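K.L.:
got a sequence here, can you build the structure:
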Amino acid sequence: QVQLVESGGGLVQAGGSLRVSCAASGLTFSMYTMGWFRQAPGKEREFVAAISWSGVVTYYADSVKGRFTISRDNAKNMVHLQMNSLRPDDTAAYYCAADGPLRTITLRGEEYDYWGQGIRVTVSS
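P.N.:
Numbers count the residues shown, from 1 in each chain. The predicted model follows:
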């Protein structure tokens, strides 16, 4: 059974930093593209960042480019999202997702096979 479990969310002031992580189990992690998505209250889910199964290719939404960094540790089956210079409009539930095995990296949420339960990030002004 595949499980993706997010951790590290919480409350932070605008301009601050936070790192959210996702622990994966039940799949050959090194063969899966990993993505982060978010959903703010009353809004649709949106793509945030993705990293290829090899870790070589990364993509970011324009709204987070230069502020957020996605990384992965295939030895520990973990993916991380380092979020710097946080803004109130980054407030959302953040979800990690896995797509694979060995598929081309995608930004489309509907192509991801597995999802975590989400973790809340709140940025106060």
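K.L.:
give me the most central residue, the protein.
P.N.:
Ranked by distance to the mean C-alpha position of the chain (C-alpha atoms, centre = their mean), the top residue is Trp36 at 2.3 Å.
K.L.:
confirm it sits in a strand?
P.N.:
Yes: judged by DSSP: H, G, I helix; E, B strand; the rest coil, Trp36 forms part of a strand.
K.L.:
so what's it up against?
P.N.:
Taking C-beta atoms under 8 Å, 6 or more residues apart in numbering as the contact definition, Trp36 lies against 20, 22, 48-50, 70, 79, 81, 94-97. Yep, even glycine has a C-beta here, placed from its N, CA and C like the rest.
K.L.:
show me which pair in those residues is furthest apart.
P.N.:
Val20 and Ala50 (14.5 Å; C-beta to C-beta).
K.L.:
for the protein, what spans make up the strands?
P.N.:
Assigned by DSSP state E, the chain shows strands spanning 3-7, 10-13, 18-25, 33-39, 46-51, 58-60, 68-73, 78-83, 92-99, 114-115, 119-124.
K.L.:
and the residue nearest to the centre of the chain, how far is that from Gln3?
P.N.:
Look at Trp36 and Gln3: by C-beta to C-beta, to the nearest Å, they are 17 Å apart.
K.L.:
okay, and the beta partners of the residue nearest to the centre of the chain?
P.N.:
Beta-bridge partners recorded for Trp36 (DSSP bridges): Ala49, Cys96.
K.L.:
so for stretch 87-94, mean pLDDT?
P.N.:
Averaged over stretch 87-94, pLDDT sits at 98.
K.L.:
could I get the buried residue list for it?
P.N.:
90-94 (16 or more other C-beta atoms under 10 Å).
K.L.:
next: stretch 96-115.
P.N.:
Residues of stretch 96-115 classed as buried by neighbour count (16+ other C-beta under 10 Å): 96-100, 105-107, 109, 112, 114-115.
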